[in-house]
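Asker: below are the sequence and a predicted model for it; my questions follow.
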Amino acid sequence: MTGSPNIETVRALCERHSNWGRWGPDDERGTLNLVTPEHVVAASKLVRRGETISMAVPYDEEGPQTGAFGRFNPLHFMIRDGADVIAGSSVRDFYGGVDRYFRGTDDLIIMPLQSGTQWDALGHVVFEDKIYNGYGAEWVSSKGALKNSVSRAREDMVGRGVLLDVPRALGVERLEPGYAIGGDELQRAADMAQVEVSVGDFLFVRTGAIARARAEEDWGDYAGGDAPGLGLDSVDWIAERDVAAVAADTWGLEVRPNETEDVFQPLHIVFIAHMGLWLGEIFDLEPLADDCADDGVYEFFFCGPPLPFTRAVGSPLNPTAIK
């Protein structure tokens, strides 16, 4: 196809890589169907040191959100605290006036489910009035995702993880905003890591975006602004390897500005709505990348299920690499 990438480019990629019906007409798990018990057993054998590395950013008021697309950082409140104990109201208000010595504290969080490190569910993206596997958009209603909710992944986000450290493979600290990662860059990172990305893997793509924010001590326009990320040229490479999920250290996983002027977040359309590929965003891959560079091992046992919110289209998590 000639000319700049556009809606027809996106439609062609959707048609070429659609998994609608691949796992049956009622499927809501998408590429997580590729993770078998045998994959999990094999992945467990990657644990050699017992080292655990979190890939989550802290869930607090210092997070990356600035209000773009209605998302804000988590708000934390105490329901009962130490002051209630000191004032004597703890027993009166929470224990029915009966003092049995126990004093407890409780709190709550108010947050968009996709304000920090998070999974996109397969009901998150609607393209031409359809969500993954051909369900109509009406299946995501005011009651939530009646199809393709994030809870479908509650038992599946476990297996072999592979880190592709693209900046290190290219010999730079971090990628510049607007840098589109294609199949060649992904393969170069895999070659550097001496790993083969294969069926059912959980793929983590480092761009260095969080390292940049940390170095500048300012999230800036991290949420919704220009960023390095996966480009259209990465789609074939990822689809051919039948991975279970892809996550990155950026707000939106794909390169911004998008390569398609007339389509917002085109890879989300291809990956989520048609491939049924689970996407993770705002993963802090810096500690993991440093560890992998130190020991030269870029594969690990991964565990990172979403919180099973009923009918939700996204979820926070604490993704963990175990080496």
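Answerer: Structure's in. What do you need?

Asker: remind me which residues of the chain are low pLDDT?
Answerer: In the predicted model of the chain, residues 1-2 satisfy pLDDT under 70.

Asker: now the strands for the stretch 201-323 of the chain?
Answerer: Assigned by DSSP state E, counting those that start in this stretch, the stretch 201-323 of the chain shows strands spanning 202-206, 229-230, 245-248, 278-281, 299-303, 314-316, 320-322.

Asker: for Thr260, which of those strands is the nearest?
Answerer: Of all these, strand 229-230 sits nearest to Thr260, with 13.2 Å by CB to CB. Where C-beta positions appear, they are placed from N, C-alpha and C, glycine not excepted.

Asker: who touches the closest one?
Answerer: With contacts defined as CB atoms under 8 Å, 6 or more residues apart in numbering, strand 229-230 is touched by 179-181, 205, 207, 238, 246, 248, 250, 252-256, 267.

Asker: among the residues you listed, which lie within helices?
Answerer: Ile238, Leu267 (DSSP state H).

Asker: before we move on, back to that, out of the strands of the stretch 201-323 of the chain, flag the one nearest Asn73.
Answerer: Set against Asn73 and scored by CB to CB, these come closest in strand 314-316, at 11.9 Å.

Asker: that closest one pairs with which strands, parallel or anti?
Answerer: Strand 314-316 pairs in its sheet with strand 118-120 (antiparallel), by DSSP bridges.

Asker: the residue nearest to Tyr222 when sequence neighbours are not counted: what's it in contact with?
Answerer: Distances taken as CB to CB, 6 or more residues apart in numbering put Pro64 closest to Tyr222, at 4.7 Å, once the chain neighbours are dropped. By CB under 8 Å, 6+ apart, Pro64 lies in contact with Val57, Asn73, Gly116, Ala213, Trp219, Tyr222, Ala223, Trp251, Ile282.

Asker: wait, which of these is closest to Asp201?
Answerer: Closest to Asp201, out of all of the contacts of Pro64 and judged by CB to CB, is Ile282, at 20.4 Å.

Asker: residues in contact with that closest one?
Answerer: When the contact criterion is CB under 8 Å, 6+ apart, the partners of Ile282 are Val57, Pro64, Gly116, Thr117, Gln118, Ile210, Asp249, Thr250, Trp251.
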